[in-house]
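Participant: Give me the fold of what follows.
(4 chains)
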Protein chains: 2
Amino acid sequence: MAEDLRDKLGAQHLPLRDQVLAALRTAIIDGDYLPGERLTEDRLAEDFGVSRNPVREALRVAEAEGFVVILPRRGAVVASPSSGTITDMFVVRERLEALAARLAAERATAADVASLRALLDQGREATQRHDLARVAELNSTLHLRILQISGNPWLSSIAKSLYLHVQWVFRLGAAERAPHSWAEHIQLVDAIESGDGDRAERAALDHLDAASAAAYENAEGGYGAR
Amino acid sequence: MAEDLRDKLGAQHLPLRDQVLAALRTAIIDGDYLPGERLTEDRLAEDFGVSRNPVREALRVAEAEGFVVILPRRGAVVASPSSGTITDMFVVRERLEALAARLAAERATAADVASLRALLDQGREATQRHDLARVAELNSTLHLRILQISGNPWLSSIAKSLYLHVQWVFRLGAAERAPHSWAEHIQLVDAIESGDGDRAERAALDHLDAASAAAYENAEGGYGAR
DNA sequence: TGATTGTTCTTCGTATACACTTTGTCCGGA
DNA sequence: TCCGGACAAAGTGTATACGAAGAACAATCA
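Facilitator: Predicted structure coming up:
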């Protein structure tokens, strides 16, 4: 993995700190760095093939985003989302994504709706192929696309961050449930297309309730507690 | 609040980057650094009497929080919230603070309610003294306290961040309106004390609608555009 | 005038040094 | 065996210096 990252880092022109941050985030979300794992600056610097400075800057942002916890004079460890905060996350997400659905319904252009429909099609296809990873990916894309259509940058960035965390905690569970949630997604896109804000909001709430229930069920066997 | 910061800065051994970040945030919110103003690392390092490293780390976090914009290879400038995003901020805040009010109503202990009542009393007093700055400060404290009582760390941190931004944009306007909003605050605390989530949520929505309207009115003459 | 070339400022990343904390280990004594 | 303290190691926190690269701006030349 270290080599892959180094290749990527060398090729692009983005500031190293951003590349390190992105790599760190995905490494944490993908479970390459497990909750509670210690992340010393030297180690990360070596893993990513950079010096300590970019690593430190990336760590500060990762802390602000809630992916790591930094203990003064003791360094950073991968954050451990406790099962207690799972409900908290979903409660907030529910409100935010409901709002996003409403705004999207009120503002979506025909092209927007078309792009959502395209995602639904691809999702149905991937489901038929039993390509769970792809379904999960499309799932993400759909949600993020709705946020984007909502046209509210604050809402978008906050909900996106929350969404990443949910993915992190329920990486596996979400992938399994993805096909089942597709019917709910169709309802949601239909509602957005209709331009009916209330209806879109209800659809989003229904979807999130189901997702929340599934996630919580899954958490019993997951690594929620630590 | 300023005193708290100063105490911390002097007394404890907080990492310099955190002190710099806090100082930077308040400097921006207080308008010491104006939107669009250029923030070179050297300058900040000199202003705060530290080396460039802590400044850089603080800047990255400040960027993640939306207080500054960093242009690659060109450095940081104080962010310029456009009036377009003001509505966006309030729409999101409305949802989040309504949720906070509901949760607070459902979870508040007698001690929690007492602390809110104490803030209301101090606010009434300060209003009578026409001490607008103090009223605004108590206003903030009250809102943050409700967030804390809600017991949802995600909600709390997100709403707090949004709240800081609102304060930043409407520093002046908020202070003027503060006395008028006090009646709404009393309604809100009453609702929280009653334990009626629906009622608390409605009270929060009413309050934010009024605040939003006032803020928006005020924005016409403020520095919304740049 | 307009394009080109320098010059300067600043960021970005690297490297190094060192104080200070925390942590772990080892050793002697009860 | 267990305890406690000395000691060493590891790692962060901070400062500093340096070179490379980019951006902005001024000056120069066709």
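
Participant: residues touching the residue sitting nearest the centre point of chain A, list them.
Facilitator: Per CA atoms, centre = their mean, the C-alpha nearest to the average position across chain A is that of A:L164, at 2.2 Å. For A:L164, the contacting residues are A:R25, A:I29, by CB atoms under 8 Å, 6 or more residues apart in numbering or on different chains. In short, each C-beta sits where N, CA and C put it, glycine included.

Participant: what's the spacing between stretch A:109-129 and its chain's center?
Facilitator: 19 Å (CA atoms, centre = their mean, to the nearest Å).

Participant: And the contacts of that stretch?
Facilitator: With CB under 8 Å, 6+ apart, stretch A:109-129 has contacts from A:104, A:108, A:134-135, A:138-139, A:141-142, A:145-146, A:149, A:178-179, A:182, A:185-186, A:189, A:192-193.

Participant: Which among those residues count as buried?
Facilitator: Buried members of the contacts of stretch A:109-129, counted by 16 or more other CB atoms under 10 Å in any protein chain shown: A:104, A:108, A:134-135, A:138-139, A:142, A:145-146, A:149, A:178-179, A:182, A:185-186, A:189, A:192-193.

Participant: Domain parsing of chain A, as residue ranges.
Facilitator: Domain assignment for chain A by automatic domain parsing gives A:2-78, A:83-219.

Participant: Any chance of CSV for those domains, columns mean pLDDT and distance to B:A114?
Facilitator: CSV is the format used below for these (pLDDT from 0 to 100; distance: least, CB to CB, whole Å):
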stretch, mean pLDDT, distance to B:A114
domain A:2-78, 86, 32
domain A:83-219, 88, 25
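
Participant: and of the ones you listed, who's closest to DNA strand D?
Facilitator: With CB to the nearest atom of the strand as the measure, domain A:2-78 is the member of the domains of chain A nearest DNA strand D (3.1 Å).

Participant: Stretch A:42-49 near DNA strand D at all?
Facilitator: Yes. Using CB under 7 Å from any atom of the strand, stretch A:42-49 reaches DNA strand D at A:D42.

Participant: Let me know whether that stretch sits next to chain B.
Facilitator: No. Stretch A:42-49 stays clear of chain B (CB under 8 Å from any CB of the partner chain), getting no nearer than 14.6 Å.

Participant: quick one: that stretch to chain centroid distance?
Facilitator: With CA atoms, centre = their mean, you get 25 Å for stretch A:42-49.

Participant: rewinding a little: helix or strand: which one has the residue nearest to the centre of chain A?
Facilitator: helix A:153-169 (DSSP states H and E).

Participant: other SSEs contacting the next helix-or-strand element following that helix?
Facilitator: Scanning forward in sequence from helix A:153-169 by DSSP H and E, the next helix or strand is helix A:171-194. If you count contacts as 3 or more CB pairs under 8 Å, 6 or more residues apart in numbering or on different chains; DSSP states H and E, helix A:171-194 packs onto helix A:83-107, helix A:110-128, helix A:132-150, helix A:197-219.

Participant: chain center to helix A:171-194: distance?
Facilitator: Relative to its chain's centre, helix A:171-194 lies at 15 Å (CA atoms, centre = their mean).

Participant: what's that helix in contact with?
Facilitator: Here helix A:171-194 has contacts from A:29-31, A:101, A:104-105, A:108, A:113, A:116-117, A:120, A:123-124, A:127, A:132-133, A:135-136, A:139, A:142, A:146, A:149, A:166-167, A:199-200, A:202-204, A:206-207, A:210-211, A:214-215, A:218-219, A:222, using CB under 8 Å, 6+ apart.

Participant: Restricting to C-alpha, output it in CSV.
Facilitator: Provided in CSV are the C-alpha atoms of helix A:171-194 (Å, rounded to 0.1, in the frame of the first residue of the first chain):
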residue,chain,number,x,y,z
ARG,A,171,-18.6,0.0,5.8
LEU,A,172,-19.6,-3.6,5.7
GLY,A,173,-23.2,-3.4,6.7
ALA,A,174,-24.0,-0.6,4.3
ALA,A,175,-22.7,-2.6,1.4
GLU,A,176,-25.0,-5.5,2.3
ARG,A,177,-28.0,-3.4,2.7
ALA,A,178,-27.4,-1.3,-0.5
PRO,A,179,-29.6,-3.4,-2.8
HIS,A,180,-32.5,-3.3,-0.4
SER,A,181,-32.3,0.4,-0.1
TRP,A,182,-32.6,0.9,-3.9
ALA,A,183,-36.4,0.8,-3.8
GLU,A,184,-36.3,3.7,-1.3
HIS,A,185,-34.0,5.6,-3.6
ILE,A,186,-36.4,5.3,-6.4
GLN,A,187,-39.1,6.8,-4.2
LEU,A,188,-36.8,9.6,-3.3
VAL,A,189,-35.9,10.5,-6.8
ASP,A,190,-39.5,10.3,-7.9
ALA,A,191,-40.4,12.7,-5.2
ILE,A,192,-37.6,15.1,-6.2
GLU,A,193,-38.7,15.0,-9.7
SER,A,194,-42.2,15.9,-8.7
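
Participant: buried set for the helix holding A:L164?
Facilitator: Residues of helix A:153-169 classed as buried by neighbour count (16+ other CB under 10 Å): A:153-156, A:158-169.

Participant: How about stretch A:207-214?
Facilitator: Residues of stretch A:207-214 classed as buried: A:H207, A:L208, A:A211, A:S212, A:A214 (neighbour count, 16+ other CB under 10 Å).

Participant: Using a markdown table, lay out these together with distance to chain B.
Facilitator: Conversion of the buried residues of stretch A:207-214 to a markdown table gives the following (distance: CB to the nearest CB, whole Å):
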| residue | distance to chain B |
| --- | --- |
| A:H207 | 17 |
| A:L208 | 13 |
| A:A211 | 16 |
| A:S212 | 14 |
| A:A214 | 19 |
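
Participant: Many thanks, I have nothing further to ask.
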